[in-house]
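Enquirer: need coordinates for the following:
(2 chains)
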Amino acid sequence: MGGNTCIFRRSVTLCSDHPSRRKIFKLRRLGAACLLSVLILAVLALPEARADEPVFGFSYTTDLLPKHKFELEQWSTTRFTKYPGGKFWLQENRTEEEWGCSDKLQLSLYQIYDSTHAFHNGPFGATTPAEQFQYYNPGPDDHFSATKFIGVSGEVIYRLTSPYTHHVGVALYTEPTVGAAFFEFENRLIFQKNFRDDRLIFAANLTYAPELRRVADPSNPSKKSIQEETDANISLGASYRFRRNWSGAFEIFNEREFNSYNFTQESNSGYYLGPAVHYGGKNFFVTAGFYEQMPWASPHVATVPGGIVGGRIVDNDFEKYRVRVKVGWYF
Amino acid sequence: MKAKLIFIPLAGIVIAGGPAYATVFLSVEQAQSVLFPGATFQPDTRMLTDEQVKAIERASGVNVRSKQMKVWRVSTGGWFIVDEVVGKHEYIPFALGLDDRGAVKGVEVLEYREAYGDQIRNPEWRKQFLDKGPDTKLQLGKNIHNISGATLSCKHITDGVQRLLATYELVLKQSER
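Expert: Prediction:
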């Protein structure tokens, strides 16, 4: 891509240099600021509202909806900052409908729709789209922007033991996701242990998520090839309910990627940690967390050259900061 | 423009999150009438000492959150106690009636502020506590059955009754002498 050429592909825009770019960024920042304001006002304006889980931004607990109860959740995850001097911004959105099939079994359906902008953000400063936009193949000096409906997920959580009646709560989680150019099958083992009248909660998650992704063939960008990948994650979280309706949490998680299904060809490993705050009302909750990738990354057998900068992975599914907001409403 | 549109569903949910209010089932006076019909009540509010707190926690296996106790002596014999336990996000105020032997005469939930779990008001569930004395070890899932979907509330009410039975044995019973 050279000069002032722009390519419009559905909702995708590739521009090497466009004067309206800054305005779009300002509008997006304004939108994010408005969203935050609305959330804060909503919480402050609900003096008698009371709520429920989740108390963590990333980690799951074994708490489920009661039988035949319905919940609507909206997730918003902003991921930003990669290569120094470059620009990267990814807005992940998820609308989720949850239903308590029984007191031990919860079913969910959710829709995923994301927006992004990338410029000189990846290894060696090349423009590198986020993983869910990897199907597109921008040039190394392109400004890449896109908004896209990513896919639909189903989620099943079955609780084996409850932390309220057993020493440890244990639950099994499975989540297939189907999109235009990928299929992911995420599986999770969830542990929960409570202390101090169930106000202090520890959670641990082990995740195994193989996926198929159709991407541009590196040897011939005009062709597409199938990429095999596995995400294997571990997360640990501690949450304490420090006053009525309010909990504070701290989480640490390690995300690892393998270019195979059997834990060979490890490509990336990033460690994130950060705080989260949760407000639970009777029929409404909001959870917000901020996470930073720690400079603990080291090269692996399949790490992309130039993929580690300042000790942090900057390849397509990793960035320096993540902010996640979850809002839920019970019916 | 699309970037702004993606916030609309989230804002919609937030705006839809209108206020919800606690459900008050019984006032203290109403609970007194239900548990001890026709009796009169003499307030006997007291403050637990550190030693008493430790002894109660040791005997019941339950944390004592507040040293202040709201207690009434009942004219027909026995005690009326108002306390609260931890709910999912709020506290659950409840009243406990003890007869002159220190056995449970009744449990009443005064107020409930959570979205789920108010099945603990079910009379059949609360009836399980009747005649349980300080010597009984209350265990959810064993001699107190659980209610699916209200597990946390069941557990904490059970623990709360256990703690107050220990409080009777170690504190209130001494003052009867």
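Enquirer: show me where pLDDT drops low in the chain?
Expert: If you meant another chain, say so; for now it's chain A. Along chain A, the model assigns pLDDT under 70 to residues A:1-52, A:218, A:221.
Enquirer: right idea, wrong chain: chain B
Expert: Using pLDDT under 70, the flagged stretches of chain B are B:1-22, B:177.
Enquirer: can you tell me which residue is spatially central in the chain?
Expert: No chain specified, so I'll use chain A. A:Thr77 (5.9 Å; C-alpha atoms, centre = their mean).
Enquirer: how far away is the closest residue to chain A within chain B from A:Leu200?
Expert: In chain B, the residue that lies nearest chain A is B:Gly149 (3.3 Å; C-beta to the nearest C-beta). For glycine as for every other residue, the C-beta is placed from the backbone atoms N, C-alpha and C. Remark: distance between B:Gly149 and A:Leu200 (C-beta to C-beta, to the nearest Å) = 23 Å.
Enquirer: between these two, which one's more packed in?
Expert: B:Gly149 (21 against 14; other C-beta atoms under 10 Å in any protein chain shown).
Enquirer: element containing that one?
Expert: In the assignment (DSSP states H and E), B:Gly149 maps to no helix and no strand.
Enquirer: and the strands in the stretch 101-250 of chain A?
Expert: For the stretch 101-250 of chain A, the strands defined by DSSP state E, counting those that start in this stretch occupy A:105-119, A:143-161, A:169-179, A:182-195, A:200-217, A:220-243, A:246-258.
Enquirer: next, give phi and psi for the most centrally placed residue in chain B.
Expert: By C-alpha atoms, centre = their mean, chain B has its centre lying nearest to B:Phe94, at 3.8 Å. Phi and psi for B:Phe94, reported as degrees, to the nearest 10, are phi -150, psi 160.
Enquirer: same question for the one 4 residues further on.
Expert: When quoted as degrees, to the nearest 10, the phi and psi of B:Leu98 stand at phi -120, psi 140.
Enquirer: any idea which helix is longest in chain B?
Expert: helix B:151-167 (DSSP state H).
Enquirer: who does the residue nearest to the centre of chain B form a beta bridge with?
Expert: B:Asp83, B:Val109 (DSSP bridges).
Enquirer: contacts only, for it.
Expert: B:82-85, B:107-110, B:157, B:160 (C-beta atoms under 8 Å, 6 or more residues apart in numbering or on different chains).
Enquirer: now it: how far from B:Leu164?
Expert: 9 Å.
Enquirer: shared neighbours, the two?
Expert: B:Asp83.
Enquirer: before we move on, the earlier item: please name every helix or strand in contact with the longest helix of chain B.
Expert: Judged by 3 or more C-beta pairs under 8 Å, 6 or more residues apart in numbering or on different chains; DSSP states H and E, helix B:151-167 is in contact with helix B:50-60, strand B:79-86, strand B:91-98, strand B:104-109.
Enquirer: mean neighbour count, these: which tops it?
Expert: strand B:91-98 (a mean of 24; mean count of other C-beta atoms under 10 Å in any protein chain shown).
Enquirer: let me know the angle separating that strand from strand B:104-109.
Expert: Relative orientation of strand B:91-98 with respect to strand B:104-109: 160 degrees, computed using axes from the mean of the first three to the mean of the last three C-alpha atoms, to 10 degrees.
Enquirer: tell me what angle strand B:91-98 forms with helix B:151-167.
Expert: Going by the same axes, to 10 degrees, strand B:91-98 makes 40 degrees with helix B:151-167.
Enquirer: could I have the CA atoms of strand B:91-98 written out in PDB?
Expert: Provided in PDB are the C-alpha atoms of strand B:91-98 (Å, rounded to 0.1, in the frame of the first residue of the first chain):
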ATOM      1  CA  TYR B  91     -26.700  -8.600  55.000                       C
ATOM      2  CA  ILE B  92     -29.700 -10.700  55.900                       C
ATOM      3  CA  PRO B  93     -31.300  -9.500  59.200                       C
ATOM      4  CA  PHE B  94     -33.100 -12.300  61.100                       C
ATOM      5  CA  ALA B  95     -34.700 -12.900  64.500                       C
ATOM      6  CA  LEU B  96     -34.100 -15.900  66.700                       C
ATOM      7  CA  GLY B  97     -36.400 -17.000  69.500                       C
ATOM      8  CA  LEU B  98     -35.000 -19.200  72.200                       C
END
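Enquirer: on the three-state scheme, B:Gly133 is what?
Expert: coil (DSSP: H, G, I helix; E, B strand; the rest coil).
Enquirer: residue in chain A with the shortest distance to chain B?
Expert: Counting by C-beta to the nearest C-beta, chain A gets nearest chain B through A:Pro66, at 3.3 Å.
Enquirer: count the neighbours of the nearest residue to A:Leu206 once chain neighbours are set aside for me.
Expert: Distances taken as C-beta to C-beta, 6 or more residues apart in numbering or on different chains place A:Leu189 nearest to A:Leu206, at 4.5 Å, with adjacent residues excluded. When neighbours are counted by other C-beta under 10 Å, A:Leu189 registers 15.
Enquirer: tell me the contacts of A:Leu189?
Expert: A:170-173, A:205-207.
Enquirer: would you mind measuring from A:Phe242 to B:Ser75?
Expert: 42 Å.
Enquirer: try A:Met294
Expert: 66 Å.
Enquirer: which one of these two has more residues nearby?
Expert: Taking neighbours as other C-beta under 10 Å, A:Met294 and B:Ser75 compare with A:Met294 leading, 16 against 12.
Enquirer: secondary structure element for the residue lying closest to the more buried one once chain neighbours are set aside, which one?
Expert: Nearest non-adjacent residue to A:Met294, counting by C-beta to C-beta, 6+ apart: A:Tyr271, 4.5 Å away. According to DSSP H and E, A:Tyr271 maps onto strand A:266-280.
Enquirer: can you name the next helix or strand after that strand?
Expert: In N-to-C order, the element after strand A:266-280 by DSSP H and E is strand A:284-293.
Enquirer: which other helices and strands contact that following strand?
Expert: Checking 3+ C-beta pairs under 8 Å, 6+ apart, strand A:284-293 ends up next to helix A:21-44, strand A:246-258, strand A:266-280, strand A:321-330.
Enquirer: what's the angle from it to strand A:266-280?
Expert: 150 degrees.
Enquirer: how near is A:Gln293 to A:Gly310?
Expert: 10 Å.
Enquirer: list the beta-bridge partners for the residue lying closest to B:His89 once chain neighbours are set aside.
Expert: Nearest non-adjacent residue to B:His89, counting by C-beta to C-beta, 6+ apart: A:Gly280, 4.2 Å away. Bridge pairing for A:Gly280 (DSSP bridges) gives the partners A:Phe285.
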